[in-house]
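# Structure, please.
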Amino acid sequence: MRQYGFDEVSYPDKNGAVFGALPYAALFVALLAAVFITMLLFLRAFFRRIVGLTEYAKRLQSRDYSLDIRDNDEGVISIYKNEIFKITGLLREQAEQSGTEKRMLSDTLYNISHQLKTPLTSLFVLTDLLNDGRDISERQEFIARIRAQLKRIEWLVSSLLKLSRLDSDTVIMKRQTLPLSKLVSRAAEPLLIPMELREQTLSLRGEDGIEITGDLNWLAEAVGNILKNCMEHTPKGGEITVSYEQNRLFRELRIEDTGGGIAPEDLPHIFERFYRGRRAGADSVGIGLAMAKSIIEKNGGSIQAYNSDAGAVFILRFMTD
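Take a look at the predicted model:
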């Protein structure tokens, strides 16, 4: 071609250039296809996960909290899934708590009605007998028995109101510095005459100056309930001993009686509400020890019970400030 005035420099081979560009074009198209396919797969997986979240939300609406969808992958959807799982856990806990509270309410109402039924039945019988033209001495006896039943109902209602206040956390416990000797004296005072009539002895042992922090009135109620329980299960002429001591970790108040002790099968349940043990008296309701435990725990203490050779032992502990 040079003899006719053409050379490769002036007129390059265009076909060669086109064919040389074809591999690059093919690579570009392949890249576009790969990107498209990748985006398609990503969107497909994304929408599948969205559909999964939607289905799970529907299950939550039907109160099905059983599905664990925790996801440790990275990404917005995983964050949403983990947050939904946290909400699910909260809803599950609330549902379980609600079910427990409903069962407790049902049991409580049943026990209250059962406890009120006996004295109310007695009142109906006694009032009917009063209308039968009895003589004055019999009428006075019936009136005394009616008053006793009314006092029992009053105590029961008062105790239930206190328990409901403790359960609802509406009681604000005072933070008072209390000598244990003062607490025991306050708790034992209403029981001194009944114990004297039973010829029982109350012995106090402990060092002066041992103090705890808590609400005097409520703690006196708790300790009084424990002392009353010991008094009712200690025979005539028996002894109830209250001792207290301290160490670096806690202050301990120990209450012991010389009764028959607690039946082994009752021991794990004596602090349960409305629980009546094998050796419970006819008038026992099963509230006193449950209330004592609640009060002590709300004042930062703990209580446990076990049997000794002589009888029952109750140990109250309050951590050292």
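
# tell me the contacts of the residue nearest to Lys162 when sequence neighbours are not counted?
Distances taken as CB to CB, 6 or more residues apart in numbering place Met291 nearest to Lys162, at 6.4 Å, with adjacent residues excluded. Using the backbone N, CA and C atoms, a C-beta is placed for each residue, glycine as well. By CB atoms under 8 Å, 6 or more residues apart in numbering, the contact set of Met291 is 159, 162-163, 166, 221-222, 225.

# what about Met291, helix or strand, and which?
Following DSSP states H and E, one finds Met291 within helix 288-298.

# In a strand, Met231, correct?
No. Looking at Met231 with DSSP: H, G, I helix; E, B strand; the rest coil, it is helix, so not inside a strand.

# ok, back up a step: now the contacts of Met291 in a markdown table, with pLDDT, secondary structure and neighbour count?
Output for the contacts of Met291, formatted as a markdown table (pLDDT from 0 to 100; DSSP: H, G, I helix; E, B strand; the rest coil; neighbours: other CB atoms under 10 Å):
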| residue | pLDDT | secondary structure | neighbour count |
| --- | --- | --- | --- |
| Ser159 | 79 | helix | 18 |
| Lys162 | 83 | helix | 17 |
| Leu163 | 80 | helix | 17 |
| Leu166 | 82 | helix | 18 |
| Glu221 | 93 | helix | 18 |
| Ala222 | 94 | helix | 27 |
| Asn225 | 93 | helix | 20 |
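
# could you redo these as TSV and give each row distance to Ala144?
As requested, the contacts of Met291 are exported to TSV (distance: CB to CB, whole Å):
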residue	distance to Ala144
Ser159	23
Lys162	27
Leu163	29
Leu166	33
Glu221	27
Ala222	31
Asn225	26
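
# between the residues you listed, which is nearest Ile303?
Ala222 (8.2 Å; CB to CB).

# check contacts around the closest one.
187, 291-293, 295-296.

# And the helices in the stretch 51-200 of the chain, which stretches?
76-130, 136-167, 180-188, 192-197 (DSSP state H, counting those that start in this stretch).

# Which strands and helices lie in contact with the second one?
This points to helix 136-167. Helix 136-167 sits against helix 76-130, helix 288-298, with contacts defined as 3 or more CB pairs under 8 Å, 6 or more residues apart in numbering; DSSP states H and E.

# Mind checking what secondary structure Ile315 has?
Taking three-state DSSP, the label given to Ile315 is strand.
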